[in-house]
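# show me the folded form of this:
(one chain, ligands or ions: 2)
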Amino acid sequence: MQLERTLWHPVALSHAVGGQPLAATLLGEDLVLWRDGAGQAHAWMDQCPHRGARLSLGRVRQGQLECAYHGWRFEGSGQCAHIPATPEFQPGPRYCARSYAAQEAYGMLWVRLQEPEGAPQPLHALPLFAAESEPRLRKTTSGPYFVNTSAPRIIENFLDMAHFGYVHEDWLGSREHTAIPPYEVERTERGVLATGCLAWQPRSSIHAESGAQVEYTYEVTAPYMAVLTKVPEAGTTAIEGMREAIAMFVCPVTEETSVAWTRMAMNDFESPDARLIDFQDTIFGQDRPVLESQRPKRLPLQPGAEMACAADRMSIAYRRYLTDSGIRFGTLA
Ligand code: FES
Ligand code: FE
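Ligands and ions are numbered 1, 2, ... in the order given. Next up is the predicted model:
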């Protein structure tokens, strides 16, 4: 069993799964995402059990998914309910689309391709980003960002502070302040945690009124997922006690292509979504050309495969964690 298939992965923004079927790819597997009449979201293999046409070419009618080729109709359970060419025929249980486990959380639809052996894995707990558990923080999601590189390259870039002064010059960093002071890295039950990370930032968010020393924590919470929290020095932002957390959700599409989203949680209830999203789009747009230029596209896990410096402690810990966890997809072992 491929370990990655037993993990939950984000595949689309919840609100993008709506009236019509949506095609997506996860771990090389083509999916059709759609929502039935009861509002339940589904992720199925994008292949009709009749003659193999893509179900994502079809449409949703009266809460059922209708194949574009011969109009077979499928219920949310996957069961075929109607075959137009033989309207009297009652299709039995073998006439069924192949479905995967799917659930919605943090503004996204999450899919797991295969049931793990042993205890079922719950979805990653990210209470800061759940609408219900943290009403003091406002949530917004940006993306999708389609990127021509592996998911681990994107996560590693998200954990990296030494590029701020170059890739995000005048935004998240400055050439005048490029040194990365030492920070702490530890393994946690679910991943890796870096604390006490300090960066000098000219414009750390849309609320920054001046440059500021910003303290970050970074946590890898799953192989293709990481969360940062940032707290700027008091008095440097328009919001008193500014708090901000950003999750990077990455869907490993193929070994060398990915889709990413960011989920923001912050104590800013005023700014329009469009402004927050625009900021993230700008930052991600700065990262993308570098990300897509990196060779190899798969993250090399062998120690010494790429040179490193002390500022790369978190990325080294991330690579070791992937190795120890047995993650192969998007990596070079
Ligand atoms: Fe889907 Fe025939 S291939 S209905
Ligand atoms: Fe960046």
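# buried stuff in stretch 189-203?
For stretch 189-203, a neighbour-count test (16 or more other Cβ atoms under 10 Å) marks G191, V192, L193, A194, C197, A199, W200, Q201, P202, R203 as buried. The C-beta positions use only the backbone N, C-alpha and C, and glycine is treated the same way.
# mind putting the residues you listed into a markdown table with pLDDT and secondary structure?
Output for the buried residues of stretch 189-203, formatted as a markdown table (pLDDT from 0 to 100; DSSP: H, G, I helix; E, B strand; the rest coil):
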| residue | pLDDT | secondary structure |
| --- | --- | --- |
| G191 | 96 | coil |
| V192 | 98 | strand |
| L193 | 97 | strand |
| A194 | 97 | strand |
| C197 | 95 | strand |
| A199 | 90 | strand |
| W200 | 89 | strand |
| Q201 | 89 | strand |
| P202 | 88 | coil |
| R203 | 84 | coil |
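# what parts of this structure come near ligand 1?
C48, H50, R51, A53, C67, Y69, H70, W72 (Cβ under 6 Å from any ligand atom).
# nearest to D170, of these?
Nearest to D170 among those: A53, at 50.3 Å, using Cβ to Cβ.
# can you tell me how far that closest one sits from E134?
Computed as Cβ to Cβ, to the nearest Å, the A53 to E134 distance reads 43 Å.
# mind checking pLDDT for M1?
Note on M1: pLDDT of 64.
# now for the buried residues of stretch 189-203, which pair is the farthest apart?
Spatially, the most separated pair among the buried residues of stretch 189-203 is G191 and P202, at 30.0 Å (Cβ to Cβ).
# my read: N267 touches E134, true?
No: counting by Cβ atoms under 8 Å, N267 does not reach E134; the two are 10.0 Å apart.
# separation between the closest residue to E292 other than its chain neighbours and L332?
Spatial nearest neighbour of E292, excluding adjacent residues (Cβ to Cβ, 6 or more residues apart in numbering): N148 at 4.7 Å. The spacing between N148 and L332, counted by Cβ to Cβ, is 17 Å.
# mind listing the strands for the stretch 51-200 of the chain?
Here the stretch 51-200 of the chain has its strands, by DSSP state E, counting those that start in this stretch, at 59-61, 64-66, 73-74, 80-82, 99-105, 108-112, 138-147, 184-187, 192-201.
# can you lay out these as CSV showing distance to P232?
Formatted as CSV, the strands of the stretch 51-200 of the chain follow (distance: least, Cβ to Cβ, whole Å):
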stretch, distance to P232
strand 59-61, 45
strand 64-66, 47
strand 73-74, 51
strand 80-82, 55
strand 99-105, 28
strand 108-112, 27
strand 138-147, 17
strand 184-187, 20
strand 192-201, 8
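# so which of those gets nearest G92?
strand 80-82 (8.9 Å).
# give me the contact list for the closest one.
With contact meaning Cβ atoms under 8 Å, 6 or more residues apart in numbering, strand 80-82 is reached by P49, Q64, W72, R73, F74, E75, P91, Y95, C96, A97.
# can you pull the contacts of A208?
Neighbour list for A208: Q201, P202, P232, T236, T237 [criterion: Cβ under 8 Å, 6+ apart].
# show the pLDDT at it.
On the pLDDT scale, A208 is placed at 82.
# next one: it from W200, what distance?
When A208 is compared with W200 (using Cβ to Cβ), they lie 12 Å apart.
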